[in-house]
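S.K.: 3D model of this:
(3 chains)
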Amino acid sequence: MATTLNKKTKSALSVAAIALFLVLVYLGDIVIPAGSSWKMLITVIEKGSIYALVAASMNLLNGFTGLFSLGQAGFMLIGAYTYAIFTIPAASHDTVYQYFEGGVIKWSIVEALEGSLGVFGHYLGMLIPMLGAGLIVAVIAFLIGIPVLRLKSDYLAIATLGFAEILRAFFQWNTLGPVTNGSNVLRKYTTYGNAVFPVLIAGICIAIILLLINSTYGRAFRAIRDDEIAAEAMGINLFKHKEISFVISSFFAGISGALLAMFQTTINATPFNTVMTYEILLIVVIGGIGSITGSVIGAFLFTAASEWWLRGLDAGRWLGISASFMRPGFRKVVFAVLIMLIVLFYSRGIMGDKEFSWDRFIGWWKNLPSNLRAWPERRKAKAAAKREAKAAAAAAKARAKEAKDASDAKKASGEALFTPLPVSDTVMVFDKEGK
Amino acid sequence: MKKILVLALSLVLAMLALAGCGGGGGSADGDVIKIGVFEPASGDNGAGGKQETLGIQYANEMQPTVTIGDKEYTVKLEIVDNESDNAKAVTAAQNLVSQNVSIVLGSYGSGVSIAAADVFADAGVPAIGVTCTNPQVTADCEQYFRICFLDPFQGTVLANYAWESGCKKAYCLSKLGDDYSVGLVNYFVEAFKGLGGEVVEEQFPDKNSDFTSYVANAKKAGCDVFFAPVSTEAAALIIDQAEAQSLGMPILAGDTWDSNVITEAAKGKNVDITVTTFYQEGGNPEFDEGIKAWMEENAEAKTNNGGNTDLAAVTAMGYDAYFVALEAMKAAGSTAPADILAALPSLEVSGLVCGDVSFNEVGDANKTEAFVKKCNTETGSWEFLKTQSAD
Amino acid sequence: MLQTWLPYILAGIAVGGQYALIAIGYTMVYGILRLINFAHGDVFMWSGLIMVYLITVLPLWLSVILVIIFAIVLGTTIEKVAYRPLRSAPRMSIMISAIGVSYLLQNFALYITGGLTKTYPEISFLQKTVKIGSATTKMVTLITPVLTIVLVFLLVMLIRHTKIGMAMRAVSRDFETSSLMGIDINRVITVTFVIGCGLAAIGSVLYFSNYTGINPMSGAMPGLKAFVAAVFGGIGSVPGAVVGAFVIGVCENLIKGAGWTTFSDAFTFVLLIVILMVKPTGLFGEKNIDKV
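M.R.: Below is the predicted model of the structure:
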C-alpha cells in the first residue's frame, strides 16, 4: 500500500479507463455479429449497467442511510411507464392501444423534438422523458416518504413493498387503460441504438450518486445509519435527510426503469414484482452493502451468471458435463445456493464497504506476485495456527475437566465451594420486590 | 474456511467465464442447422409451453435432417426457457439469437412473443409463432409469422357459439397483465355485444389462487355462460371452485384449455366445459398413435406432458411448426436467416396435422375455421362438437 | 342481503382461518427474534408440495403427520443454518438471509416440479360439497375456522400456563436480560419455529384442499398477507394475528364481491399502510419503547 498517486493521475486514470470501456462497448455492439455467442456479452453489459444503476440507488438507501426499503421495483415500474408513454410514435398509437382507441396521449416527445432539432432533438427527446420519469418517481417517492419514513426498519421494508404492489395493481387497472394500456404491453416506443447509451447514462448517474455520498449529505446519511439517536443529537434533521435519501434513490430507480424499458423494448407491469426487488437486493448484498463499486460489480456478475454463464445448466450440458439432473430450473437452484453461501459466509460481499481506489488496485497488483508466492507459506502458517488453537482448546478442556474433578472431590469431602460474603455495613442487601 | 470458499467461488466464476466464452467455437460445424425453440418451461404457461415443445421435439425425432439445395443438414434444436415472463423473454431471445439459430419457433403465450419480437427483428431472424394468438405479435413485425388463428377470429367464434347456444349474459374473466386472456376477452365482448348480448367483465391479479369469489360473482350476476380463457394453471382452480359452488352454467374457453390438464381437473366433476381449438384429436390417427407411442417410450416426455399420453392441441401445433420451418428452409434454399425470411411470405405447406398453412400479408396464417370441443367429464377426454367459423 | 353476501363471507372466513395459521408463525418469530421470516410462506408452500408426493405412496393420516414433521424440520433447519449464525449481525443481514432462503426454496421447488402446477391430493371429507342457506361450499370452509380457533386456544394456553410459554414471553419482552436470567434462548427459538411451522403445515392442508393448485410461488402471496395480518393484529400477539387474518380474509372476498377484483390484493397492502400510519403497534400490540 506504499504507493499513492496524486489526485490528478487518479482522475486521469479513471477517465481513461471509463473512456476505453465506452469505446469498447460501442465498437463491440457494432462489430460483433448477431449470431455470435459473444453478443451475449453486449446484452449482459446493457442489462448489467441498468441493474448496476438501480442497485447503486438501492445501496444509497439501504447501505448508506440504513433504511431497509423494498420498493425499488415499484419505482422502476413508474419510471418505465412514464418513459414509454411519452415516446410512442403517433403512428403506432392505434396498434399499441388497440383496445383503448389509440389512448389519450397521441404524440411523442421524441418526434416533436426530432421535427425541429433533427438528430440532436432525437436524443434530447429521449433524455427529457427519461429525466421526467426520474422526476415523477421522485415526487411520488416524496409523497410516499412522508408517512412511511417514520417507520422503523422492518416495518419500513414491508410498507415500501406494499406500496410497490399497490402501484402494480394501479398500472394494470383497466380504467387507466387509455394511458397505461391496462394489462397489455406498451411497445414501439423509442429505444437506443447502441449499447453504449445505457452504459453512459447509468455511468453518469452512478457518478452523481458517488459525489453525493462523498458530500456533507453523504456523511449525514452514514451518521444516521450508524446511530440515529447520536446523529439527531449532533443536529442532523433525521426526517429531512431520510427523505432526501429516499427521493434521490427513487429518482435514479426511475431512470433505470426508463432504461430497462428501452432495453426490453416492451413493457408490462407484471414482472415488476417482489422477486425483482429481491434480485436487486441480492445484487447489493453480493457487491457489499455500503459500496457503490461493489453494487456495480455485483450487477454485472449477477446478470452474466443468470443470463449467460449458467444457462447451460438448464439445457443439460455445461462446461462439457452433461447430466440428467440438469434440466430447466437447475440454473436457478445453483444460483440461489451460491447466493446463500455469499450471504452466510461472506456477508461483507465482494467489496465490503470499501470503494474501488487506484491506490489499492495498484498496491494489490504490485503485491500480487509476492502474495501468490507467499500463499503456500501463509497457508502452512494458518494450518499451524489452527493446529495450535486446537491443541490449546484441548488443553483448556483438560484443565477444566481437572478443575471440575477437583471441585467434585472437594464437594464430596464437604468443603465449602465459596466463602460467604460477610454481612456488614458495606454490603447492601436489597429487599425483595414488593416487600 | 472463508478464504477457501472465496477461492472456490472465484474459481467457479472464472471457469464459468471461460465456458461462456468457449461456447462460440462449437457452432462452426457446416452440416448442422439450428432451430431455436422459444417456449416457457416454467411460470404460468410452463405446462403449455412444455407440451408445445414436445411436439417440436417429436417432429425433430421423426425428421432429424433436412435437404437444402443438395446438401443434407442435421437439424439441431436450441431450446430456451422464457419463463412466461416478459422481462426474462428478452434475454432468453437474445440467447437464442447469439447461438446463431436460423429460425425460431414459439412461443406459447402471446406476451412473451410480443416482448421478444424486437430482438428477432433486430437480428433479422425469422420467427414462427405456434399458438400465440394476440394480433400484436405479427403487427408491425416483419420477422414474425404464425401458423395459428388470431384472437379477433377466435373471440368472434366463441361469441357466436355462445349466442347460438342461447346464452344472453356472459361472465368474462381474464388475468391482469396477461395479453392473451385480456385480448381474447376483449374480442369476445365486442362480438358478443354486437350480437345483442350482455357481459360482466372481471380480472384477477397475478398469483391469485382463490377463485371462490369470481365463481360467486358470476352466479350473483345471473350469467348464462362463464368465459374464462386463462392459463391452464388457473383453469384447474376455476373448475374446482365451479364444482364446489355448483356453478350451474357452461364454462367456455379458448385454445389454452385444450389440454389434458383440464380434462384431468374436470374428470368426475359436474361441470360443462367447451373450448375452441386448433386441432381435433383423431383427425390424423397416424400422428396420434405415433406421438403417443413416442411418449410412452420416453419417460421425460411423458412427465412433461403431465404424466399421461393424452394429446394437447399445442403439441400438434408444435409438430406442424417444425415442418413449416423445414419447408421454409427448403424453399429458401439456404440456411441464412435472411433468405428464409424472404421465402416465408409466399410459402404454402400442406399435409400438416392441423390443416394447411399459408400466410397473409401481415404474416398470419389464413385460417377460417376453429374446432369446438366439449369435455366429457366421465371419461376425462375431449369430444368433438363441430367446426365453427367467424361468420 | 345476507343471502347474496353469504358465499363471500364464508369464503372469507375460511381463507382467513388459513391465513391465521400462517400468521401465527410470523408473529411469534417476530415477537422473539424481531425478524420478518420471509421464508415462512415458502415453508407453507413446501408442506403442500411434499403432501403431493407423499400421498402417492402413503395413507392419508400418515402423510399429514409426516407433512407436519417435515415442515417443522425444514423450519428449524432454516433457523439453525441461516438465522442462528447471524444473530449478532445487524438486523438487515438476517432479513436478507431470510429473503435468500425464500429465493432458494422457491427456486428449488421450481426445479423439482419442473415449473408445473401440481394438483393437491383429494381429501374427500374436506372437499365434500355442503349447502348452507343459499350458498354451496366445500366442507373445509366450515372446518377451518373451528380448527383454527381450537388450535389458537391451545397455543394461548401453552403460552400462558407452561414453563416454556413463560420463557417465550420473557424472551419476547427482553432478549438479553432473559438470557442472563438463565433461559435457554436457543431452545425457546427452536420451540417457536416448531410451533409456527407445524401450524403452517396444518394451514397448508386446509388451504390447498380448498385451492388445489401448488406452484413454487403459491406461498408468496398467502405469506405476505399473513404477515400483514400479523402486523394488523399487533405483531407479537397471537390472538391479534388471528383477528387480523380473519379481517383480511373477509374484506378481501367482500371487495371481490363488490366488483373491485383488480384491487383485491392491493387492498391488503392499503390496509397495512393505513394501520402502520394510524396505529403502528396494531390492534393488540404493546407499545415498544426504544432505548438508547
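
S.K.: can you map out the helices along chain B?
M.R.: Taking DSSP state H to define them, one finds helices in chain B at B:2-22, B:46-62, B:86-98, B:110-123, B:151-164, B:179-194, B:212-220, B:232-244, B:260-266, B:285-297, B:299-304, B:313-332, B:337-343.

S.K.: whoops, chain C was the one
M.R.: Using DSSP H, helices in chain C cover C:2-33, C:40-54, C:60-78, C:91-113, C:124-127, C:139-161, C:163-173, C:175-180, C:185-210, C:220-233, C:238-257, C:264-278.

S.K.: which stretch among those helices comes nearest residue B:157?
M.R.: helix C:238-257 (29.7 Å; C-beta to C-beta). In short, each C-beta sits where N, CA and C put it, glycine included.

S.K.: now the closest one - C-alpha only, PDB.
M.R.: In PDB, the C-alpha atoms belonging to helix C:238-257 read as follows (Å, rounded to 0.1, in the frame of the first residue of the first chain):
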ATOM      1  CA  VAL C 238     -51.200 -14.400  18.800                       C
ATOM      2  CA  PRO C 239     -54.900 -13.600  19.200                       C
ATOM      3  CA  GLY C 240     -54.200 -10.300  17.300                       C
ATOM      4  CA  ALA C 241     -52.800 -12.200  14.300                       C
ATOM      5  CA  VAL C 242     -55.800 -14.400  14.200                       C
ATOM      6  CA  VAL C 243     -58.200 -11.500  14.300                       C
ATOM      7  CA  GLY C 244     -56.200  -9.700  11.700                       C
ATOM      8  CA  ALA C 245     -56.200 -12.800   9.400                       C
ATOM      9  CA  PHE C 246     -60.000 -13.100   9.600                       C
ATOM     10  CA  VAL C 247     -60.400  -9.400   8.900                       C
ATOM     11  CA  ILE C 248     -58.200  -9.600   5.800                       C
ATOM     12  CA  GLY C 249     -59.800 -12.800   4.600                       C
ATOM     13  CA  VAL C 250     -63.300 -11.500   4.800                       C
ATOM     14  CA  CYS C 251     -62.500  -8.000   3.500                       C
ATOM     15  CA  GLU C 252     -60.600  -9.400   0.500                       C
ATOM     16  CA  ASN C 253     -63.600 -11.500  -0.500                       C
ATOM     17  CA  LEU C 254     -66.100  -8.800   0.000                       C
ATOM     18  CA  ILE C 255     -64.000  -6.500  -2.200                       C
ATOM     19  CA  LYS C 256     -64.000  -9.100  -4.900                       C
ATOM     20  CA  GLY C 257     -67.700  -9.500  -4.400                       C
END
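
S.K.: residues contacting residue B:72?
M.R.: B:31, B:65-66 (C-beta atoms under 8 Å, 6 or more residues apart in numbering or on different chains).

S.K.: make JSON lines from the residues you listed and add pLDDT, distance to chain A and neighbour count to it.
M.R.: Below are the contacts of residue B:72 laid out as JSON lines (pLDDT from 0 to 100; distance: C-beta to the nearest C-beta, whole Å; neighbours: other C-beta atoms under 10 Å in any protein chain shown):
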{"residue": "B:31", "pLDDT": "84", "distance to chain A": "17", "neighbour count": "9"}
{"residue": "B:65", "pLDDT": "89", "distance to chain A": "21", "neighbour count": "12"}
{"residue": "B:66", "pLDDT": "89", "distance to chain A": "19", "neighbour count": "19"}
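
S.K.: take those and keep only those in strands.
M.R.: If you go by DSSP state E, the contacts of residue B:72 have B:65-66 in strands.

S.K.: put together JSON lines for the contacts of residue B:72, with distance to residue A:408 on each row.
M.R.: Below are the contacts of residue B:72 laid out as JSON lines (distance: C-beta to C-beta, whole Å):
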{"residue": "B:31", "distance to residue A:408": "84"}
{"residue": "B:65", "distance to residue A:408": "85"}
{"residue": "B:66", "distance to residue A:408": "87"}
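
S.K.: pipe the contacts of residue B:72 into a markdown table and attach distance to chain C per row.
M.R.: Listed next are the contacts of residue B:72 as a markdown table, based on distance: C-beta to the nearest C-beta, whole Å:
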| residue | distance to chain C |
| --- | --- |
| B:31 | 33 |
| B:65 | 30 |
| B:66 | 30 |
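
S.K.: show the pLDDT at residue 239.
M.R.: This is for chain A. Looking at residue A:239, its pLDDT stands at 91.

S.K.: actually, chain B is the one I wanted.
M.R.: At residue B:239, the pLDDT value in this model is 91.

S.K.: contacting residues for the residue nearest to it when sequence neighbours are not counted?
M.R.: The shortest distance from residue B:239 to any non-neighbouring residue, by C-beta to C-beta, 6 or more residues apart in numbering or on different chains, is to residue B:265 (4.7 Å). Applying C-beta under 8 Å, 6+ apart, we find residue B:265 in contact with B:235-236, B:239-240, C:119.

S.K.: now do the contacts for residue 151.
M.R.: Unless you meant another one, I'm taking chain A. A:159, C:276, C:280.

S.K.: wait, chain C
M.R.: Residues in contact with residue C:151 (C-beta under 8 Å, 6+ apart) are C:21, C:199, C:202.
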